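# from the sequence below, what's the structure:
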Amino acid sequence: MAPEVQKFDVVVIGGGPGGYAAALYGAAGGLNVALVERDKVGGTCLHRGCVPAKEFLETAHVRRTLEHASDFGITAKSVSVDFSVSQARKNEVVDRLHKGLSGLIKGRKITLFEGTARLDANQMVTVLDGADAGVVAQGTHVILAAGSVPRTLPGFDVDGSIVMTSDEFLNLSSLPKTAAVIGGGAIGCEFASVLADMGTKVTILESLPSILAGCDTEVASVVQRAFKKRGIEILTGVSITGHEPTKKGTTIALEGRDGVSVDVVVVSVGRRPRTEGLLGEGTGVEVNERGFVVADSRMRTANPQVFAVGDVVAGTPQLAHVGFAEAVVAIKTILGEPVMPVDYDRVPWAIYSNPEVAFVGLTEAAAKERGYDVVVKKDPFGGNSRAQIIGETDGVVKVIAEKRPDGTAGQILGVHMAGPWVTEQLGAGYYAVNWEATAEEAAALIQPHPSLSETFGETLLALAGRGIHVG
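As a prediction, the model looks like this:
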């Protein structure tokens, strides 16, 4: 006998940031919502990604602070790291957040099904395994939020001890003496940074000409210089041909270069959508050649009753906060409310390496490629009083604006930062870019003194025509 079909206004497949945000936001809007999750609500971001990684980066920050305590007249005994304690603390943080999220889902009367889901025709969702295997839920609308998994490299089979992705790295209980990070993007640089600050000798292997290829070149240069100063070896433009395990680790073979021998290899070459087995027959949903779901600006797929948000969506940044924003767009569309689609050119980016990186809008190169004449101003953190007080002066703020016919700076097109706590400073730049503020308008706003955010304010004053400390 066929299972009874349970009916909902919305069925969400996947309980990561995009999925749980859609469920919570939809329930707050009065919709009857079901959420299907194969593992734990919170998804990769909470359990194997953003949150665990930042906990380890904070552990590295504490160690770094103790190592330089004598600069402040404080005598600290020899600093050592028990990484298993940091791992336990990470788990405590994740567990508390998971319990809080689970409580929200229960409080909003969202029906939670445990298992792997498949979407079939007529918005029928079947739970294939897990505690709720066999359940069939039909949604007037369905939201696909199945997330992503780390990409791997041919010849680098993940074993969790020598070769690992972010998933295995974040479960380490002890630190290697040496490590190679394959991939110099945002995630790779975060892993390299935390390892180096914990005392591991790190080599970054990047196939492109520079690390942080999506960042403004001057911001990327700040990070590269800081990394090299801390002993991180950076090899760019490399072609990796394989690796040969040894008794203590492995040797990575590079075309035309000497091999790199390390204890562990962290593969950080991006993420692929988790769409295998997600769609049955007759769903009407289009998937591109790379496995991503195709959706329009309102997150609607080729089937107008089915939406997609988060990492499964084609051509969008794989960022948790983008998934949140897309979830709001999808639910508002379902409710028939006015919608402001996500402007992917103007989403905030945050990289939590040391130094941190944060940016929004166009880089200088991208603005010129789009035909803009630009005015650019930048201010290093070296002259910032708060940066000198905390002892972290590596960094820069760079602001790009459209050049008016009279040569002055008009609308702000991009804000790019590298330096101390810039991930917490980008808010003002984000609003400036998204509200299409001019240099004069943004420069008129006051920054507190002494603060790290003054560097952004000083850069705006200079961009508007006359700086106080910046020419």
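
# for T283, which non-adjacent residue is closest in space?
Leaving aside its chain neighbours, T283 sits nearest to L119 (5.3 Å; criterion: Cβ to Cβ, 6 or more residues apart in numbering). Yep, even glycine has a C-beta here, placed from its N, CA and C like the rest.

# ok, that neighbour touching G282?
No: in this structure L119 lies outside contact range of G282 using Cβ atoms under 8 Å: 9.8 Å.

# where along the stretch 201-350 of the chain do the strands fall?
201-206, 233-236, 240-245, 250-254, 257-262, 264-267, 271-273, 306-308, 349-351 (DSSP state E, counting those that start in this stretch).

# ok, I446 - how many residues close by?
When neighbours are defined as other Cβ atoms under 10 Å, I446 has 8 of them.

# run a quick neighbour tally on the closest residue to it other than its chain neighbours.
Leaving out its chain neighbours, the residue that sits closest to I446 by Cβ to Cβ, 6+ apart is G457, at 7.5 Å. Counted with other Cβ under 10 Å, residues neighbouring G457 total 24.

# for G457, what is the enclosing helix or strand?
helix 454-464 (DSSP states H and E).

# can you pull out the helices in the stretch 101-250 of the chain?
Per DSSP state H, counting those that start in this stretch, the stretch 101-250 of the chain carries helices over the ranges 166-169, 186-197, 217-229.

# before we move on, what about the stretch 251-400 of the chain?
Using DSSP H, counting those that start in this stretch, helices in the stretch 251-400 of the chain cover 320-335, 364-369, 385-390.

# what does the longest one contact?
The reference is to helix 320-335. By Cβ atoms under 8 Å, 6 or more residues apart in numbering, the surrounding residues in contact with helix 320-335 are 9-10, 16-19, 21-22, 25-26, 29, 31, 45, 49-50, 141, 143, 145, 297-300, 307, 309-311, 313, 316, 338-342, 344, 347-348.

# the domain parsing of the protein - what is it?
For the chain, automatic domain parsing gives the domain ranges 5-150+272-344, 163-269, 355-464.

# what's the first-to-last distance across the longest one?
Read it as domain 5-150+272-344. One end of domain 5-150+272-344 sits 38 Å from the other (Cα to Cα, to the nearest Å).

# and the second one, by the same measure?
Across domain 163-269, the straight-line distance between its terminal residues is 13 Å, by Cα to Cα.

# report the rounded mean pLDDT for that domain.
Throughout domain 163-269, pLDDT has a mean value of 95.

# pretty sure L112 contacts R38?
No: L112 is not in contact with R38 according to Cβ under 8 Å; the separation is 11.7 Å.

# the longest strand in the chain is where?
strand 409-419 (DSSP state E).

# quick check: angle from whichever helix or strand comes after that strand to strand 409-419?
Remark: after strand 409-419, the chain's next helix or strand is helix 426-434, criterion DSSP H and E. With axes from the mean of the first three to the mean of the last three Cα atoms, to 10 degrees applied, the angle from helix 426-434 to strand 409-419 works out at 150 degrees.

# report the buried residues of helix 426-434.
The neighbour-count check on helix 426-434 (16 or more other Cβ atoms under 10 Å) flags 426, 428-430, 432-434 as buried.

# most tightly packed of the helices of the stretch 251-400 of the chain?
helix 320-335 (a mean of 22; mean count of other Cβ atoms under 10 Å).

# tell me the centre residue of the protein?
L319 (4.4 Å; Cα atoms, centre = their mean).

# so who does it touch?
347, 349.

# so how far is A432 from it?
20 Å (Cβ to Cβ, to the nearest Å).

# now for P245, how many residues are close by?
13.

# which non-adjacent residue is nearest it?
Here the residue nearest P245, using Cβ to Cβ, 6+ apart, is I162, at 6.1 Å.

# doesn't G249 make contact with the one you found?
Yes: the pair I162 / G249 is scored as a contact, 6.1 Å apart, by Cβ under 8 Å.

# which neighbours do these two share?
Contacts common to I162 and G249, judged by Cβ under 8 Å, 6+ apart, are 263-264.

# what pLDDT is listed against A314?
For A314, pLDDT reads 96.

# do I have it right that it meets D296?
No: assessed by Cβ under 8 Å, A314 is found out of contact with D296, at 10.7 Å.

# the more surrounded of the two?
Higher neighbour count among A314 and D296: A314, with 16 against 13, using other Cβ under 10 Å.
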